[in-house]
Each structure stands twice: as structure tokens, then as C-alpha cells.
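> from the sequence below, what's the structure:
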Amino acid sequence: MKKVFISADIEGISCCVTPESTIPGGHEYERCRREMTDEVLAAAEGAHAAGADLVVIKDAHGCALNIYPEDMPEYVQLIRGWQNDPRLMVEGLDESFDCAMFIGYHNAAGEEGNSLSHTISGRALQRITVNGMPGSEFLIYSWLAAFYGVPTVLLTGDKALCESSAKLHPKLFTVAAKEACGEQTTCYSPKLVHRQIREAAEAAVGQNLTDAGITLPEHFRVEMDFHDHKRAARMSFYPGMTRRSAKVLSFESDSWYEVCRMLVFALC
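Numbering: from 1, shown residues only. Take a look at the predicted model:
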């Protein structure tokens, strides 16, 4: 049985522009929730067309209750809510999956290309780097998929993230849903985005996945620049954490899983 895992966020979908539109009750949240569901559904349909018998979707934004369950086909299982284990945005993923896809993702904290750029917590971090690279949620959780031996084959979201992440995985397809400069966002046609996601998902899942995996670095150095020096001081007591300055902490490990465990405690 071919199994595909999808992790879905909201800030990288085609119509999402303001913080209010990402929060239940906020202006345009219902529209963005609808679009998030439609983009995820397009990816699931493409994966199914390529032979996926089971598509497991992790609703990975905010309350994790955004995607409309009633719209999901019979071959889909939807994971809602949080367990808050180190897998976080890929909770439910394990070695049994053939590949992973990331829908509606956005650029990293401190990076251009999305008016909502952040990493895990917009309230916590000003910037994060992993081995010198911007630490986007896509990098973090596609590398965690690689930790489980699961190749990542599709990324959709803002144009900047798609372009900067294209080389992270050897057989990665990308679909840009929008582009932004400062607070201004150019949203691509949702109908066009849905079609492109569906086609890309089918091609991504249907390709030969033999060489789609990656080998993770042998060592990881994560540097985090917090907005608030008080939070940085509190998080500095996490085992293995080093305080570089009032607001900057660093953490090193040979295990990517341990890095993700640290991020849950430091940022959630």
C-alpha cells in the first residue's frame, strides 16, 4: 500500500495576508480556512491519482482545527489537534510512509517573501538559523521526515520559500501560491494554484522515489535570536543550550530529533 503524508499550514496559501486571517474569528479567517482546505484537497487528489491508497494529513496551523473534515475523500485520514511531541507539524509521520508533502508553507523568521514569515512561533523568534541557513518550518520538518527515512517530494507556499528550498531535496516539486514584498502580497489565482498543486502532487508521488531521500548533516548548530531577552534567559536553562548574548541562544546536537525536541520546549 502506498502511503503519503501531508503537513498543511495556512500562511503560505494563496489568499492569506494578515495575522487576523490566520486566527479563528479574525477578518478573512473563514476564507483562508476554505482555501487551505482546497489546496490540501488538491494535493491529496494528485497523490491518489498517482497511486496513493492512503493520504494522512496533519492540520499543522494554530489550533490544528482549520481543515474542513467533511471535504476529505475516503482515502484520507485527517490528524487534528496537537500531541506536542517533537514531530509537531509532522505528528503522525513515521517510517511507513513512502513520501511527504508540505502545503501552504511560508518563509522563515526574519526572511522576506511573505508578510507572515515566522518560524514555529511569531511571538518568540526574530530569526533562526540551522547550520548557517535560515531555519524555515519546511527545512525543520522536511529534515525530520528525512530522519524517519521519508523523502519530501512537494512544497507549496510563497515564491521566496519555494525558490530558496528547491535544492534541499533532490526530487522536490514546488508550487508558488503568492509572492510578497513587505506587507504587500500578490496572490495567484486559487483556481490556477489548485490545478498546479494537483498536477505537481501527481507527478511528485508518481516519480521514481529511489533517489529522492537525503542524508542529513552529521552535526547541527541552531542559533535563535529571540524578540524578548526575558524569554531567552528562561530558555537558556534547557539542557545543552548556550547563551550567546541577551537575546541569542545556540544549541548543538548530532541528532536532528533532539533539535526538534528542543524547539518544542523553546518555542511552543
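> for residue 256, give its distance to residue 9.
Using Cβ to Cβ, to the nearest Å, residue 256 is found at 20 Å from residue 9. For the C-beta atoms, the positions are set from N, CA and C on the backbone; glycine is no exception.
> host element of the closest residue to residue 263 other than its chain neighbours?
Closest residue in space to residue 263, ignoring its immediate chain neighbours: residue 120 at 6.2 Å, by Cβ to Cβ, 6 or more residues apart in numbering. Under the criterion DSSP states H and E, no helix or strand holds residue 120.
> residue 120 against residue 262, yeah?
No. Counting by Cβ atoms under 8 Å, residue 262 is not a contact partner of residue 120; they are 11.3 Å apart.
> follow-up on the earlier one: how many residues are close by the residue nearest to residue 263?
21 (other Cβ atoms under 10 Å).
> what residues are up against it?
Contacts of residue 120 were listed using Cβ atoms under 8 Å, 6 or more residues apart in numbering, and they are 88, 137, 140, 263, 267-268.
> highest neighbour count among those?
The most crowded member of those, judged by other Cβ under 10 Å, is residue 137 (27 neighbours).
> can you pull out the strands in the stretch 51-200 of the chain?
54-59, 76-79, 99-105, 125-130, 133-134, 152-158, 173-181, 184-187 (DSSP state E, counting those that start in this stretch).
> OK, contacts around residue 211?
By Cβ under 8 Å, 6+ apart, the contact list for residue 211 reads 170-171.
> got the confidence number for the nearest residue to residue 229 once chain neighbours are set aside?
Of all residues not flanking residue 229 in the chain, residue 246 sits nearest, at 4.3 Å (Cβ to Cβ, 6+ apart). Note for residue 246: predicted pLDDT of 96.
> same check on residue 268?
pLDDT, residue 268: 82.
> before we move on, what about residue 182?
pLDDT recorded at residue 182 is 88.
> related to what we said a few turns ago, return the distance of the residue nearest to residue 263 relative to residue 95.
Distance from residue 120 to residue 95, counting by Cβ to Cβ: 24 Å.
> cool, and residue 234?
Between residue 234 and residue 95 the distance is 35 Å, computed by Cβ to Cβ.
> just want to know which of these two has more residues nearby.
Between residue 234 and residue 95, counted using other Cβ under 10 Å, the more crowded position is residue 234 (12 against 8).
> can you list the residues that contact the helix or strand encompassing that one?
Residue 234 belongs to helix 229-235 when assigned by DSSP H and E. The contact list for helix 229-235 (Cβ under 8 Å, 6+ apart) reads 124, 224, 226, 241, 243, 246-249, 265-266.
> please flag which of the residues you listed sit within helices.
Under the assignment DSSP state H, the contacts of helix 229-235 contribute 265-266 to helices.
> and the furthest pair within the contacts of helix 229-235?
Spanning the widest gap among the contacts of helix 229-235 are 246 and 265, at 20.0 Å by Cβ to Cβ.
> so what secondary structure elements neighbour the longest helix seen in the chain?
Using DSSP H to define each element, the chain has its longest helix at helix 29-49. Packing partners of helix 29-49 (3 or more Cβ pairs under 8 Å, 6 or more residues apart in numbering; DSSP states H and E): strand 3-8, strand 54-59, strand 99-105, strand 152-158, helix 190-206.
> export these to CSV and tack on mean pLDDT?
Formatted as CSV, the helices and strands packed on helix 29-49 follow (pLDDT from 0 to 100):
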stretch, mean pLDDT
strand 3-8, 98
strand 54-59, 98
strand 99-105, 98
strand 152-158, 98
helix 190-206, 98
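> nearest to residue 182, out of the ones you listed?
Checking these against residue 182 by Cβ to Cβ gives strand 152-158 as the closest, at 13.1 Å.
> what pairs with the closest one, parallel or antiparallel?
strand 99-105 (parallel), strand 173-181 (parallel) (DSSP bridges).
> tell me which of the ones you listed is the most buried.
Across the strands paired with strand 152-158, averaging neighbours per residue (mean count of other Cβ atoms under 10 Å) puts strand 99-105 on top, at a mean of 28.
> so how far is that one off the chain centroid?
How far strand 99-105 lies from its chain's middle: 7 Å, per Cα atoms, centre = their mean, to the nearest Å.
> just the CA atoms of that strand, as CSV, please.
This file holds the C-alpha atoms of strand 99-105, laid out as CSV (Å, rounded to 0.1, in the frame of the first residue of the first chain):
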residue,chain,number,x,y,z
CYS,A,99,6.9,10.3,0.8
ALA,A,100,5.9,13.6,2.4
MET,A,101,4.4,16.8,1.0
PHE,A,102,4.2,20.2,2.6
ILE,A,103,1.3,22.5,1.7
GLY,A,104,0.8,26.2,2.5
TYR,A,105,4.2,26.7,4.0
